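**Student:** pasted the sequence and its predicted model underneath.
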Amino acid sequence: MPFRDLIGHERPKAILRAAMLHDRVAHAYLFYGEDGIGKRLMAIRFAQAINCDRDSGPDGPDACGTCRSCHQIEACIHPDFLLIEPDREQTNPQIKIEHIRELESQIIYKPLVGRRKICIVDEADRMTLGAANALLKTLEEPPGYSLFLLVTSRPFALPATVRSRCQGLRFAAPARTQVEAALILKREIPPDDARFLAVVTQDRIGQALQTDLGATRAQQEEFSTLTAARSLESITTLLTAAEALARADRAPEALEWIAGWVRDLVLVRVGADPDNLLNLDQLPALKERARGMPLDGLLDLLDDIEAMQRSATRNLNLQMALETVLLRLRDAASAPIETRSAR
Ligand SMILES: [Zn+2]
């Protein structure tokens with residue numbers, strides 16, 4: 001799939017294409033910007049474009065997506081391509097010095113079939129200090145045929161010495177409309193589903209392309225039932241649900257959806273554009289609920305949920321957290337206007 005099919009990122013794309021066209025490709029680039037917006041995909045396409053078997057057209061080299069080289073890079077089995085990334089299964093995923101040693105042992109050989117020997121280091125900020133120092137040595141005197149693409153959402157977490165060896169390319173999140181258009185085109189889904197996925201993933205195109213739409217819609221339905229007026233009426237219902245969710249290890253997921261619901265209430269309360277709502281299909285119910293709810297209380301609740309989410313990885317009692325949130329949502333919903341406390 002050629003460059004032109006990548007969504008957004010016009011500036012980095014133009015810079016990379018110009019570099020290829022004028023044969024001025026640097027030895028190392030740092031692709032940085034928010035998580036999940038397509039930096040890694042761009043790095044892979046760039047690698048494919050450089051080593052593509054097809055002759056380049058008038059616009060310079062591009063990735064045809066169908067030749068042997070493009071296929072091999074996509075599958076990470078190209079002899080001149082190496083993708084280094086942390087083991088995400090680990091609790092503290094790291095790129096260790098062994099990974100960089102492996103890279104060093106390969107980079108000393110000239111490309112076998114491609115134009116360049118290309119190495120992508122994804123989540124480069126996860127390199128240990130030892131790994132970063134080892135990589136720095138290679139970056140200081142890179143072989144002429146080598147190309148390093150470092151990808152990170154936390155550039156500040158990389159040693160300045162490593163950063164200074166790379167040409168930096170900043171990636172900004174594509175606009176909501178671009179994300180929706182891409183989802184409609186690539187996933188062939190209706191506009192309201194595209195909008196929903198864009199909101200759920202906070203416009204992260206990479207994530208939005210992969211999110212299971214059916215499962216996410218089912219979660220939305222399940223949790224909006226939980227936060228609906230009828231469920232909130234019964235304390236027993238809330239406590240039973242909190243217990244069941246915590247027991248099934250679904251408390252973080254529940255907190256995420258409840259936060260989404262509360263955020264919607266806040267947005268409706270302040271009269272924001274409904275297009276930003278997660279639960280747009282429940283606009284009438286949201287309006288009905290939001291009307292009687294104190295804005296301060298909703299904002300406090302949202303702050304607290306977000307704090308719980310941040311500490312959820314530590315030993316927080318998730319069942320209790322969930323119970324607290326649901327009971328507070330219930331309180332907010334049943335607070336009579338005249339006795340609202342100014343929190
Ligand atoms: Zn190709």
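**Tutor:** Nice, I can see it.

**Student:** in terms of secondary structure, what does the helix or strand harbouring D192 contact?
**Tutor:** In the assignment (DSSP states H and E), D192 maps to helix 191-200. The helices and strands touching helix 191-200, judged by 3 or more C-beta pairs under 8 Å, 6 or more residues apart in numbering; DSSP states H and E, are helix 176-187, helix 205-210, helix 213-226. C-beta here means a position set from N, CA and C on the backbone, and glycine is covered the same way.

**Student:** buried residues in the first one?
**Tutor:** In other words, helix 176-187. Residues R176, Q178, V179, E180, A181, A182, L183, R187 are the ones in helix 176-187 that count as buried (16 or more other C-beta atoms under 10 Å).

**Student:** need the contact list for P159.
**Tutor:** L129, A132, N133, L136 (C-beta atoms under 8 Å, 6 or more residues apart in numbering).

**Student:** gap between the last one and the ion?
**Tutor:** L136 sits at a distance of 32 Å from the ion (criterion: C-beta to the ion, to the nearest Å).

**Student:** so who does that residue touch?
**Tutor:** Contacts of L136 (C-beta under 8 Å, 6+ apart): P159, T161, V162, R165.

**Student:** and the helix or strand encompassing A244, how far from the chain's centre?
**Tutor:** In the assignment (DSSP H and E), A244 maps to helix 235-247. The chain centroid and the centroid of helix 235-247 are separated by 30 Å under C-alpha atoms, centre = their mean, to the nearest Å.

**Student:** if you count neighbours, what's buried in that helix?
**Tutor:** Here helix 235-247 shows L238, A241, A242, L245, A246 as buried, counting by 16+ other C-beta under 10 Å.

**Student:** give me the contact list for stretch 325-338.
**Tutor:** Residues contacting stretch 325-338 (C-beta under 8 Å, 6+ apart): 226-227, 229, 232-233, 235, 238, 241-242, 255, 258, 261-262, 289, 292-294, 297-298, 301, 304-305, 308, 341.

**Student:** is it possible to export the buried residues of helix 176-187 to a markdown table including pLDDT?
**Tutor:** Below are these laid out as a markdown table (pLDDT from 0 to 100):
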| residue | pLDDT |
| --- | --- |
| R176 | 85 |
| Q178 | 86 |
| V179 | 88 |
| E180 | 91 |
| A181 | 90 |
| A182 | 88 |
| L183 | 91 |
| R187 | 91 |
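
**Student:** contact residues of the chain facing the ion?
**Tutor:** C52, C64, C67, C70 (C-beta under 5 Å from the ion).

**Student:** which of the residues you listed fall within helices?
**Tutor:** C70 (DSSP state H).

**Student:** what is the burial count for I189?
**Tutor:** 16 (other C-beta atoms under 10 Å).

**Student:** wait, a helix at it?
**Tutor:** No: per DSSP: H, G, I helix; E, B strand; the rest coil, I189 lies outside any helix segment and is coil.

**Student:** give me the neighbour count for E10.
**Tutor:** Other residues close to E10 by other C-beta under 10 Å number 10.

**Student:** select the longest helix from this protein.
**Tutor:** Ranked by residue count, the top helix of the chain under DSSP H comes out as helix 251-269.

**Student:** that helix packs against which elements?
**Tutor:** Short answer (3+ C-beta pairs under 8 Å, 6+ apart): helix 251-269 packs on helix 213-226, helix 235-247, helix 283-291, helix 295-311, helix 318-334.

**Student:** closest one to H27 among these?
**Tutor:** Proximity to H27 (C-beta to C-beta) singles out helix 295-311 among the helices and strands packed on helix 251-269, at 38.6 Å.

**Student:** on that earlier part again, how about CSV for the residues of the chain next to the ion, with neighbour count and pLDDT added?
**Tutor:** Shown next, in CSV, are the residues of the chain next to the ion (neighbours: other C-beta atoms under 10 Å; pLDDT from 0 to 100):
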residue, neighbour count, pLDDT
C52, 23, 94
C64, 19, 90
C67, 15, 94
C70, 24, 95
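
**Student:** circling back to that earlier point, by neighbour count, which of the contacts of P159 wins?
**Tutor:** A132 (22 neighbours).

**Student:** and I118, which of the three is it?
**Tutor:** Per three-state DSSP, I118 ends up strand.

**Student:** so it versus the ion, what's the distance?
**Tutor:** Distance from I118 to the ion, by C-beta to the ion: 14 Å.

**Student:** what residues are up against that residue?
**Tutor:** A47, I50, N51, I73, D80, F81, L82, S146, L147, F148, L149.

**Student:** mind checking pLDDT for S341?
**Tutor:** As predicted, S341 sits at a pLDDT of 47.
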